[in-house]
Structure formats: C-alpha cells, structure tokens
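In: Sequence plus predicted model, see below.
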Amino acid sequence: MLAALIVIASRGRLTFLADLYNFGAMLAFCMTHLSLIYLRIKRPNMKRPFKAPFNIRFGKYSLPLTALLGGLATAATWVLVVFTKPDGRNLGTVWILLGLGMYFYYRKKQAIAPAGKLEVEKVKIPEFKAKKYKHILVPTRGGKETQTVQMACEIAKVHGADVTAVHVVEVPFSLPLETPLYHRTVVAESILKRAEAIGLEFRIGMNLRTIQARTVDAAILDLIEKESFDLLVIGTVLSPSGASRGYGTIVERVLKNSQCPAWICCSSW
C-alpha cells in the first residue's frame, strides 16, 4: 500500500524513485558491511562455515577487505544522496522515523525492552542420542507414490545410508509360492526401475529387490527381521475419509509388528 502511494507521489519521475532507492539501499548495504566487521571484532573465534577472503589483520582482529571497502563506498554514496538529493533524503528520513516509531511501539506493547537481546541456550536432554540410519528399506507399490522413494533418498543422503527398494509380488494361496508370474514380474521391474531413476537423481545407489510372498506385510516384516534394516519408509494413500479409516490394513500391520522405526509418507486422492 505504502509502495503504491510512493509511486503515485513520484508522478512518473524515475529519478525520484531512484533517489529513494539509493537512500535505502546504500544505508542497508553499509549496515551489512559494518555488521560483518563488528562480528569479526566482537566474536573473532566464532565458527564460520565460510570466511570472506582478502583479510587484513589489525592486532588480534582479522577484518575483511571487501567489507571495509564496501562499507566506505556505500557510506560515501549514502552521504552523497543525503546532501545532493532532497527528495530521497526527505522521504527516506520520514521512512526511517516511521519504521523506528512502529518498532518502539511494538516493543512497548509486547513489554519488551527496546534493545533487548535474545540468547539461544543449548539444552541437554539426558540419555538422548542422535539416531543414525545406515540401512533403509522402502517398499514400492504402484510406482506412482514417488515421494516415498524421494523421502528415503533424502534421508539416505543426510545419513550416508544405503537404500533397498523392494516390490512384493503377491502369490495367491491357490498357487505354489514359486509359481512364475511373468506379467506381475515385468510390472515389478518397471516400478523398481522408476525407483532407481529417482535414486540416480539424488546420487544414491539403490538395491532393487523383487520378492514373491503371500502377503505384502509379511514379506516386509520378514525382510526387516532377517536383514537388520534400521529404518522403514513406507507410503500410503488416504481417501477423503482416511482419517477415520486409518492408514490402511497393510501399513497398520507393518507398524504394529515392525522391529525398526518407520516413516510414513501420506498422499491423498
């Protein structure tokens, strides 16, 4: 709203908007450079994942040359705007005063000191140990729930784990368990290839398994028990009434009897 009013007040003069932008932008850039210098002085031993190059040492402090030059340049440009651009100076000053007024009003309303500091303290939880996953099992169903495989790959990337994608071909009780089911096997291979392609996108090598079993849940539980998987990532599809129907009988039976933690990826239709 305020931005629209300022555009209207400019009456189409781009120089007016440019002066106002230079006033605010140069002040913000200058403060950014000063903040970096201040942190180098105030907290010289702070752990920094990235440190700006071209540093100059002043006693025990190492100050970045880029911040020194950038701070001087932006400060000089801001001073130039203040002395030579009355439109940018006047409206910019009003903008700053309005912002400060809103800031102090909010802090007073919330009973917070104007210059109050926020300190983050690390909380230690007794007997807490960060969980590390090394062997992740992700069952595939129809090949459409790709977010389940994506989630497994994301977790594997963080923990440096390996992922096994398995597709269970259910064999009817009227047939021997070893009965070749060629059509279902071809479909299973196609689904697993899709999972493998997702793994390649994440640069995760994926183990592909096709298993024939009487029931899906029994096959998954048997794999977890025999091959010591430490995480199961399983997907389920919820209908609009899914909240009352639960996650589905297969998923519920797996969760009830699984010997390892499980992450559920839900999607709706």
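Out: On my side now, so go ahead.

In: hey, let's count contacts and neighbours off CA atoms from now on
Out: Fine.

In: now the helices: where do they sit in this protein?
Out: Counting by DSSP state H, the chain has helices at residues 2-10, 14-42, 65-84, 86-109, 146-159, 182-201, 216-227, 242-245, 249-257.

In: what's the closest of those to Tyr133?
Out: Tyr133 sits nearest to helix 146-159 of all these, at 6.0 Å, using Cα to Cα.

In: List the contacts of the closest one.
Out: 132-134, 136, 138, 140, 161-163, 165, 195, 198-199, 202, 204, 233-235, 265 (Cα atoms under 8 Å, 6 or more residues apart in numbering).

In: Buried ones only from these, please, as a PyMOL command.
Out: Listed next is the PyMOL selection for buried residues among the contacts of helix 146-159, using 16 or more other Cα atoms under 10 Å:
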select buried, resi 133+136+138+140+161+162+163+165+195+198+199+204+233+234+235+265
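
In: give me the low-pLDDT residue ranges for the stretch 151-269 of the chain?
Out: Scanning the stretch 151-269 of the chain for pLDDT under 70 picks out 238-247, 268-269.

In: Geometric centre of the chain: which residue is closest?
Out: Glu154 (10.6 Å; Cα atoms, centre = their mean).

In: Contacts only, for Arg141.
Out: Arg141 touches His167, Val168, Ile191, counting by Cα under 8 Å, 6+ apart.

In: Next: Gly205.
Out: Asp162, Val163, Glu196, Gly199.

In: now swap in Arg89 and tell me
Out: Going by Cα under 8 Å, 6+ apart, Arg89 touches Asp19, Leu20, Phe23, Val81, Val82, Phe83.

In: quick revisit: so the residue nearest to the centre of the chain versus Ile198, what's the distance?
Out: Separation of Glu154 from Ile198 (Cα to Cα, to the nearest Å) stands at 11 Å.

In: Leu100: how many residues sit nearby?
Out: As a burial measure, Leu100 scores 12 neighbours (other Cα atoms under 10 Å).

In: just use 157 as the starting number from now, easier for me
Out: Got it, first residue is 157 now, which makes that one Leu256.

In: Could you report the pLDDT at it?
Out: pLDDT recorded at Leu256 is 88.

In: just Ile212 next, same as before
Out: pLDDT, read off for Ile212, is 81.

In: could I get the contacts of Gly361 as TSV with distance to Ala269?
Out: Below are those laid out as TSV (distance: Cα to Cα, whole Å):
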residue	distance to Ala269
Asp318	51
Val319	51
Glu352	56
Gly355	51
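
In: Looking at those, which one is closest to Thr171?
Out: Relative to Thr171, the closest of these is Gly355; by Cα to Cα it sits at 52.8 Å.

In: who's in contact with that closest one?
Out: Per Cα under 8 Å, 6+ apart, neighbours of Gly355: Val305, Gln306, Cys309, Gly361, Met362.

In: Next one: it from Thr249, what distance?
Out: Separation of Gly355 from Thr249 (Cα to Cα): 55 Å.

In: Write the ChimeraX selection for whichever of the contacts of Arg245 are buried.
Out: Under the burial definition 16+ other Cα under 10 Å, those of the contacts of Arg245 that qualify are selected in ChimeraX by:
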select :175,176,179,237,238
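
In: Need the max-distance pair from the contacts of Arg245.
Out: With Cα to Cα as the measure, no two of the contacts of Arg245 lie farther apart than Leu176 and Phe239, at 13.1 Å.

In: about what we covered before: sitting in strands, which of the contacts of helix 302-315 do you find?
Out: Judged by DSSP state E, the contacts of helix 302-315 include Ile292, Val294, Thr296, Asp318, Val319, Ala321, Val389, Ile390, Gly391, Cys421 as members of strands.

In: export the contacts of Gly355 to TSV and tack on distance to Lys273?
Out: Converted to TSV, the contacts of Gly355 look like this (distance: Cα to Cα, whole Å):
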residue	distance to Lys273
Val305	43
Gln306	40
Cys309	40
Gly361	47
Met362	48
